[in-house]
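# just coords:
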Ligand code: AMP
């Protein structure tokens, strides 16, 4: 009998550290990191139709419609590198996406093993997102907590850093509100499925990773 593929769904508000943690956890477990936000941003930089559509929602801090988001993630998860599973970051973000994911996994002999929820209070989220700077290759810095060696430039390739449009102050609070209205209902959904594990996201990055790995170890 085939082993079921392992899927870990990182849940938490924008700025909780899902991307940072998903990347490390995926490396540690030998799984692929699939970030719906990164997939949209890649489409945006390649100027695809999907990218242009997504941009109209992303710059406002709104969610991209379910049908296009689900189709994009489904295509990504169907690629061979996801055969053993994936760490999902930023997907699902609505109940319709969660149901679509369960259906996709049921069809491909996969299952969600555990859903770490990274908890961070609103005020800390606003501070984190407002100070976040990115490099074109996806490295993430923070003006206060994780500054680059040379201000505004990437440590590895020296390229200029930029602030995501949706990290600008006027959009940040709206993204948190959208999370509460549209994504937070998934907490109850995954809790009732017995998959939710809450982690304190205000701790050091390494301690958060350790807590998530412990939760995964217990669940898998
Ligand atoms: P993220 O990088 O996860 O913060 O995502 C950046 C933006 O991409 C979000 O604010 C949304 O506009 C869009 N996005 C990412 N994932 C999803 C999703 N699962 N459903 C709808 N929109 C999404």
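That came through, no problem. Values in this document were obtained by computation on a predicted structure and should not be read as measured data.

# top helix in this structure by residue count?
In the chain, taking DSSP state H as the definition, the longest helix is helix 205-219.

# mind showing which ranges of the chain have poor pLDDT?
Applying pLDDT under 70 to the chain flags the ranges 1-3, 219-220.

# wait, residue 32 sits on residue 86?
Yes: using C-beta atoms under 8 Å, residue 32 is in contact with residue 86, at 4.6 Å. For every residue, glycine as well, the C-beta is placed using N, CA and C.

# common neighbours of these two, please.
Common neighbours of residue 32 and residue 86 are listed as residue 26 (criterion: C-beta atoms under 8 Å, 6 or more residues apart in numbering).

# of the two, who's got more company?
residue 86 (26 against 17; other C-beta atoms under 10 Å).

# doesn't that one fall inside a helix?
No: under DSSP: H, G, I helix; E, B strand; the rest coil, residue 86 falls outside any helix and is assigned strand.

# so what's whichever residue of the chain sits closest to the ligand up against?
Residue of the chain nearest the ligand, by C-beta to the nearest ligand atom: residue 37 (2.1 Å). Counting by C-beta under 8 Å, 6+ apart, residue 37 touches 19, 89-90.

# and if you look at residue 193?
By C-beta under 8 Å, 6+ apart, residue 193 lies in contact with residue 112.

# so how far is residue 200 from it?
22 Å (C-beta to C-beta, to the nearest Å).
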